[in-house]
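Q: Please work out how this folds:
(chains A and B, ligands or ions: 2)
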Amino acid sequence: MKTTSIQWQAVINGTVREIEIPPSRRLLDILREDLDLTGTKISCEIGRCGACMVLIDGEPMNSCLMMAYQCEGTEITTIEGLHGETEDALHPIQEAFLEEGGFQCGYCTPGMIISTKALLDRLPQPEEQEIKEGLCGNLCRCTGYGGIMRAVESAADKCAQRSSLIPAVDS
Amino acid sequence: MLLNRESSGERWRKRRDGKEKVTGELRYLTDMTAEGMLYGRVLRSSHPHAHILSLDTSAAENYEGVVAVITHRDVPGLNRFGIAVPDQPALCEDTVRYIGDAIAAVAAITPEIAAYALSLIHVEYEVLETITDPLRALEDNAPRLHPQGNILHRTQVKHGDAGHALQNCAYVVKEVYSTPRQMHAYMETEGGLFIPEPDGRLTVYAPTQHGYKDRMQIARILDWEEERIRVISSPIGGSFGGKDELNVQPYGSLLALKSGRPVKMHNSRMESVRAGLKRHPMKIEMETGMDEYGRLQAHRVRIVADTGAYATLGAPVLNFATEHCMGPYRWEHIDIEGVSVYTNNGVSGEFRGFGGNQAIFAMEGQMDRLAEQIGMDPWEFRMLNRRYPDDPGPLQQEIWRTNGLEQVMQALAQSSLWQRREAISVLSVHDSLSDASSSPPWIKRGIGAALAMHGAGLGYGIDDPAGGRLSLNASGQIEAAFSYEEFGQGLITTLEIMLIDLFHCTGEDISIVIGDTDRVPHSGSSTASRSTTMAWMGLQRLKSPFLQAILQKAHDITGIPVDQLTTGEQGIWQITWEDDAEIRQKRVVSYREIAAAAQGNEFVFDTKFSYPTTPDEVVGGHFLYTYAAVAAEVEVNTLSGHVRLLDTYHTVAAGPVINPMGFIGQIEGGSVMALGFTLTEDAVMEEGHYITRNMDTYMIPGIQDMHTSLEVDAIEELPDNDPFGPRGIGEIGSVALAPAITAAIRQATGTWVTHLPVSRDQLIRRAGVWQQEGVSPR
Ligand code: FES
Ligand code: FES
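A: Ligands and ions are numbered 1, 2, ... in the order given. Below is the predicted model:
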């Protein structure tokens, strides 16, 4: 059961991380087990539910389907890397989920927020149909998606307001 | 009141547990780790029904990295679990009865080694006949799955002479309804962390809906004093009834004790599907008759529930289905029989709605068919036959009187969604809304509605304890402690709002303790839509003694008369009165100062009581009911058979809304879960094996399936002096949508649906012929 390990490196939430792991190790396990970043969740492990969603070079990806060698040297953002203007402040998307009731048990929420981030980066003012397309890879069993729709709409407004008030912040 | 953020004002409160959820900081119990932790895995049966001839674990035990292997020989206490009837082996001895049955478990230093070690365990089976059909299980020559046979439970309700009455009815509708094996599909699968403590105790971090019940069951398996076990059971990534029963706890506990090290368990989705509970598939046959004026006369019902291999709460679920298959209607003659049957199909058990979903689908289906037979508007027909507020409950038991039924019926009748249906009902039934619009001819629309009267609490004859603790803790916070769980429903925030209402303090002045058997009193389970009512009643009882004690102390410290003191932000405030209006002057002493002056447990108050039950000796009969009416508009594509939910209206009479964000969330979430039950969800089994193993083939609704609009209309009014406060709404959003959708499908396409999930094939029409097909009265 021995596998050769590689020296794997990626920029995770703005910090360079380097670890020795087998090249086929799943990114999900790197995050949750090796780096103790448990905000990224595990649920179906087949790329269907989006609980494990992270941004890889800005693109939303299911970390359960991503092996170490595939994301070597990339920039990875997990829920832990999302914040507002300061490190302790919430990102407007997080604020919107909080205000609108965009979650209940919260288990799908990190993935949902990451997908929302990717969506709004691409389409700052999405139409209803675009929101549905942007989030169709994320399942939620609790909310029935009503609160999530409201949260995404409000997040888009918040982001728009902010970017009109202040110079763009990179988060 | 239409419930939304705007109409809720200040009560729209960010969830107290929200920040840690949106930041990913929250550690779910399956995220936890411990120093020196091992990984536990369970070996499950290869066959749905077999004898175990031999079991050899030696190769696994000797494999490097394996620290402990357990089989039935390692169970010191009762090798069985089950909330109501402990008949499920923790680890099977000589027989397996379903594909999720556990035979052995392994703890190893890595998950990979644990998984590999399972493959080294050698089990020899003698394969037996697999019973997949409950009707086969009922045959005399069927293999017996349990010593007492294959029947878990029977129910019967009879009054009058239904058989005779049905022969004399002017109209009779007879139909057989069937419902799917719905899966809870909580996003967090079962798991947890099990830690043997240096003082000889065991700490169990694992989700459940009733920590004390788990503690009792684990103690029974370990043959320990319950107090040696501490169960920490919240937060939970969803449950919906599915984590009410034990799942990984027996294995985690036994492995931790055998290895002497912390053990982590976390089911993969496939294992969760294989081992976990599902909703009972039911076949419900109904024969319902009315007189020539449309008044219901007689109702004959036969329910067959597939309870799978083990009991868990299969019997109470059947009781509930039996009680709810008469709807909120008046009957002269009733003849109901139910049977819950063991098979080799998975395990069916507790699931949001608890048997009501299946029963209400069938009952409301009958109502629509009867209304159509006599040519009445379906809602008027229900109005004509509705129970009166003073009528006894469905089981002829005394129930608490409210006007909820009347109120939801009127609200639905006045809803714009339903009125839209009225407007088009001048068209004949097989013309559909879309004929008037510009959609292509194969797109058909329809609107339907359904009604539910849903019991809360466990029912008569079942121990249903409640209670709680209110104290001023050492750091000067008002602390409420209950043995309830937070699985997402918003209980923590509901408690916070209740405390703010009672004491006019802020969120920071409050501490809420739940889900930890070492720190909370036994206040019963978080099931059966009961915890909101129980917490509210508990706090009502605790409020006065608590206030008296702390105001007295504030008086001792400040010298201000007690009647000029009240609780408020950060402490006790002095008040004066002006024209009957209370004016808060200033804070005179802080909670912290009062706590510092406490002597012993001076500020700790406990209460114990029971969930209100009917005084009549009717087992399972409820006392408190909530009412809901649901309207749904669907669009059916008759080329593909695809059904899309467009618009939904839910009205719910459940007393005052404490936490509007939580209330909306429960109704919306329950509704979309019911959408899955109606259209797409079914854990398909063949020959006792799951064909559906993960979320790629088990289709829960996604955001793209969401209706464009869902209105939640809360009716808050209760009779004067109603002592029970807010009613739970965790289930009622999920019980009546299915029949509303199938009624809408009928209006859209002329097809009556009797089987869920709705089969697309049934709705596909050859172009041009749909007008003639399936639309004539039966
Ligand atoms: S866990 Fe990765 S998509 Fe479900
Ligand atoms: S909030 Fe529980 S799964 Fe989405």
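
Q: could you pull out the helices for chain A?
A: Using DSSP state H, the helices of chain A run over A:27-29, A:68-71, A:92-100, A:109-122, A:128-134, A:146-165.

Q: How about the closest residue to chain A within chain B: what's its closest non-neighbour residue?
A: Closest contact between chain B and chain A, by Cβ to the nearest Cβ, is at B:Gly24 (2.2 Å). Just so you know, the C-beta spots here come from the backbone N, C-alpha and C atoms, and that holds for glycine as well. If the residues on either side of it in the chain are set aside, B:Gly24 comes closest to A:Gly39, at 2.2 Å by Cβ to Cβ, 6 or more residues apart in numbering or on different chains.

Q: what does B:Asp31 give?
A: Leaving aside its chain neighbours, B:Asp31 sits nearest to A:Thr38 (3.9 Å; criterion: Cβ to Cβ, 6+ apart).

Q: right, and B:Asp87 touches B:Pro147 too?
A: No: look at B:Asp87 against B:Pro147 with Cβ atoms under 8 Å: they stay out of range, at 9.3 Å.

Q: Show me the domain layout of the chain.
A: Since no chain was named, I'll use chain A. Domains of chain A are assigned by automatic domain parsing as A:7-81, A:92-165.

Q: oops, I was thinking of chain B
A: As assigned by automatic domain parsing, chain B contains the domains B:29-128+B:184-278, B:282-459+B:617-769, B:465-610.

Q: about what we covered before: of B:Asp87 and B:Pro147, who's got more company?
A: Just comparing B:Asp87 and B:Pro147: by other Cβ atoms under 10 Å in any protein chain shown the higher neighbour count belongs to B:Asp87, 19 against 6.

Q: residue contacts, that one?
A: By Cβ atoms under 8 Å, 6 or more residues apart in numbering or on different chains, B:Asp87 lies in contact with B:Arg80, B:His146, B:Tyr310, B:Ala311.

Q: mind checking pLDDT for it?
A: Looking at B:Asp87, its pLDDT is 97.

Q: picking up where we left off before, mind listing what the residue of chain B closest to chain A touches?
A: Residues near B:Gly24 by Cβ under 8 Å, 6+ apart: A:Leu37, A:Thr38, A:Gly39, A:Thr40, A:Thr78, A:Ile79, A:Glu80, A:Thr109, A:Pro110.

Q: now swap in B:Gly242 and tell me
A: By Cβ under 8 Å, 6+ apart, B:Gly242 lies in contact with B:Met183, B:His184, B:Tyr186, B:Gly276, B:Leu277, B:Gly349, B:Glu350, B:Phe351.

Q: follow-up on the earlier one: can you report how many residues neighbour the residue nearest to B:Gly24?
A: Counted with other Cβ under 10 Å, A:Gly39 comes out at 26.

Q: gap between it and A:Met53?
A: Distance, A:Gly39 to A:Met53, by Cβ to Cβ, to the nearest Å: 11 Å.

Q: Quick check: neighbours shared by these two?
A: The contact lists of A:Gly39 and A:Met53 share A:Pro110, where a contact means Cβ under 8 Å, 6+ apart.

Q: Please tell me how far the most centrally placed residue in chain A sits from ligand 2.
A: Centroid-nearest residue in chain A, with Cα atoms, centre = their mean: A:Ile114, separated by 2.7 Å. Applying Cβ to the nearest ligand atom, to the nearest Å, the value for A:Ile114 to ligand 2 is 13 Å.

Q: so what pLDDT did that residue get?
A: The model reports A:Ile114 with a pLDDT of 98.

Q: since we're on the nearest residue to A:Ile12 once chain neighbours are set aside, how many residues are nearby?
A: Leaving aside its sequence neighbours, A:Ile12 sits nearest to A:Ile76 (Cβ to Cβ, 6+ apart; 4.8 Å). Using other Cβ under 10 Å, A:Ile76 has 24 neighbouring residues.

Q: Can you name the residues bridging to A:Ile76?
A: Beta-bridge pairing for A:Ile76 (DSSP bridges): A:Ile12, A:Ile56.

Q: hang on, isn't B:Gln762 packed against B:Val636?
A: No: judged on Cβ under 8 Å, B:Gln762 makes no contact with B:Val636 at a distance of 10.4 Å.

Q: More neighbours: those two, which one.
A: Under the criterion of other Cβ under 10 Å, the comparison of B:Gln762 against B:Val636 puts B:Val636 first, with 28 against 15.

Q: mind checking the backbone torsions on B:Glu578?
A: Per-residue torsions, B:Glu578: phi -140, psi 120 (degrees, to the nearest 10).

Q: got it, and the one 3 residues further on?
A: For B:Ala581, the backbone dihedrals (degrees, to the nearest 10) come out as phi -100, psi 140.

Q: what's across from it in the sheet?
A: Per DSSP bridges, the residues bridged to B:Ala581 are B:Glu578.

Q: separation between it and B:Arg587?
A: Per Cβ to Cβ, B:Ala581 is found 19 Å from B:Arg587.

Q: Between the two, tell me which one has more neighbours.
A: With neighbours defined as other Cβ under 10 Å, B:Ala581 and B:Arg587 compare such that B:Arg587 has more, 14 against 7.

Q: where does chain B dip in pLDDT?
A: Along chain B, segments meeting pLDDT under 70 span B:423-438, B:767-778.

Q: Closest to the centroid, which residue in it?
A: Chain B, centroid-nearest residue using Cα atoms, centre = their mean: B:Arg352 at 2.3 Å.

Q: Check the secondary structure at that one for me.
A: With DSSP: H, G, I helix; E, B strand; the rest coil as the basis, B:Arg352 sits in coil.

Q: my guess is it meets B:Ala674, correct?
A: No: when contacts are counted by Cβ under 8 Å, B:Arg352 is not listed as touching B:Ala674 (9.1 Å).

Q: okay, and the common contacts of those two?
A: Overlap of the contact sets of B:Arg352 and B:Ala674 (by Cβ under 8 Å, 6+ apart) consists of B:Ser734.

Q: So what's the residue count around B:Glu271?
A: Count around B:Glu271 with other Cβ under 10 Å applied: 21.

Q: One more: B:Leu53?
A: By other Cβ under 10 Å, 10 other residues sit near B:Leu53.

Q: now do the one 4 residues further on
A: Around B:Thr57 there are 23 other residues, counting by other Cβ under 10 Å.

Q: just B:Gln552 next, same as before
A: Neighbour number of B:Gln552 under other Cβ under 10 Å is 14.

Q: near ligand 1, which residues of chain A?
A: Within chain A, the positions near ligand 1 by Cβ under 6 Å from any ligand atom are A:Ile42, A:Ser43, A:Cys44, A:Glu45, A:Gly47, A:Arg48, A:Cys49, A:Gly50, A:Ala51, A:Cys52, A:Asn62, A:Cys64.

Q: ok, which residues in the stretch 51-200 of chain B are in contact with chain A?
A: By Cβ under 8 Å from any Cβ of the partner chain, the residues of the stretch 51-200 of chain B that approach chain A are B:Glu112, B:Ile113, B:Tyr116, B:His184, B:Ala185, B:Tyr186, B:Met187, B:Glu188, B:Thr189.
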